[in-house]
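> Any chance you can model this:
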Amino acid sequence: MLPSTAELLAIARHFWPAPGPGDSDETSPEYVRLFKRWDEAIQDLPQWHGFLEHLDTLLPGFTLGDGTGPTRVSFRCVAYPAKGIPMPPIPWAVVGCMSILAPVFTVYGISFEYQGRKRSKAQLHLDPLPEAMTGTARLIAQELKARYNVSELPREVAATPVPVVVEWTRPPQTTLFDALFDSEPTSVP
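Numbers count the residues shown, from 1 in each chain. Have a look, this model is predicted:
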């Protein structure tokens, strides 16, 4: 069941500091709680890797990456529509994020521009996604719901401002998306 917007705002405030002189102090109560939650979530990495292996069987012709990292508050999978080593330049990717702070997930797209073989720019795509991404996004969303019993966070709720500092994002720019998933959604491996 999707938590209410008020519950999600309370979760964000519980794990991220309010703006102020000590908002980057890693010994603040919020950061202590956040780091403890990450330590707990890391125990679920084997299950997450099993999920990625399962997705890999459902997406032949795709390369699946794990975008999970300690600077994010979600498990992230990245589906690239190409295979090969080295991977050729690809036009887009679909990212599925499952929050470690609340029972919610989101799926979004990223399109890439290149200078030669090097990515030079990435553009975030939310609803509606470009047509090429929709089937992959739908599959990832279905699998996240089925495997983890999480709810998709509606875009309008994800865009709700929250009065906390998430990494380098400060109010009034900070949203629930930043606090529950990732403040740099286009940064993928």
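> In the chain, which helix is the longest?
Ranked by residue count under DSSP state H, the longest helix found in the chain is helix 131-148.
> What segments of the protein are strands?
63-66, 74-80, 92-99, 104-115, 118-125, 151-152 (DSSP state E).
> Report pLDDT for the residue positioned nearest the centre of the chain.
Nearest to the geometric centre of the chain sits C97, at 3.5 Å (C-alpha atoms, centre = their mean). At C97, the pLDDT value in this model is 97.
> OK, contacts around it?
C97 makes contacts with R72, S74, F75, R76, F105, T106, V107, Y108, F181, D182, P185, as judged by C-beta atoms under 8 Å, 6 or more residues apart in numbering. In this view, the C-beta of every residue, glycine as well, is placed from N, C-alpha and C.
> Y108 and K118, how far apart?
Applying C-beta to C-beta, to the nearest Å, the value for Y108 to K118 is 23 Å.
> Between those two, which has more neighbouring residues?
Between Y108 and K118, Y108 has the larger neighbour count (other C-beta atoms under 10 Å), namely 23 against 7.
> L124 is in contact with the more buried one, correct?
Yes. Using C-beta atoms under 8 Å, Y108 is in contact with L124, at 6.4 Å.
> any shared contact partners between those two?
P185.
> ok, for F51, nearest residue in space, not its chain neighbours?
R147 (5.6 Å; C-beta to C-beta, 6 or more residues apart in numbering).
> how close does that neighbour get to M98?
9 Å.
> who's more crowded, these two?
M98 (25 against 15).
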